[in-house]
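In: Sharing a model prediction with you, sequence too.
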Amino acid sequence: MQTLITPTVVVARAFADGEYVAPETVSEAAIVAAQETYLRPVTGDALFERLLAGDHADFTDEYLAAQFPLYDPQANVLNRCSIDGKLVQTR
């Protein structure tokens, strides 16, 4: 499995100083699943594969990998929307 970020980096970036979470609690499989669910649909297959190959390393390290551990899909307002007829409502 190839990932854009390692479990160790996820833990280091997602938790504050003084909090300890073992890197083993974040599996590579979970990272791959999150990448496939949240990144590949946005970047598209061609760019995603190039990112995995190491192209655009600055973008990957400074933007994607920096934000990825902090992303909370439940906080995304689009996940709390429902459509009732022609009216979009938030839950």
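Out: Nice, I can see it.

In: could you pull out the strands for the chain?
Out: Along the chain, the stretches classed as strands by DSSP state E are 81-84, 87-90.

In: Comparing those, which yields the minimum mean pLDDT?
Out: When mean pLDDT is averaged over each of these, strand 87-90 scores lowest at a mean of 53.

In: confidence score at L52?
Out: 90.

In: same check, this time on A46
Out: A46 is given a pLDDT of 92.

In: neighbours around it, how many?
Out: 8 (other Cβ atoms under 10 Å). Backbone N, C-alpha and C define where each C-beta goes, glycine included.

In: try the one 3 residues further on
Out: Other residues near E49 number 13, with proximity taken as other Cβ under 10 Å.

In: do the same with I31
Out: Per other Cβ under 10 Å, the neighbour tally for I31 reads 21.

In: surely it meets T8?
Out: No: if you go by Cβ atoms under 8 Å, I31 and T8 don't touch, sitting 11.1 Å apart.

In: out of everything not next to it in sequence, what's closest to T8?
Out: Nearest non-adjacent residue to T8, counting by Cβ to Cβ, 6 or more residues apart in numbering: P23, 4.4 Å away.
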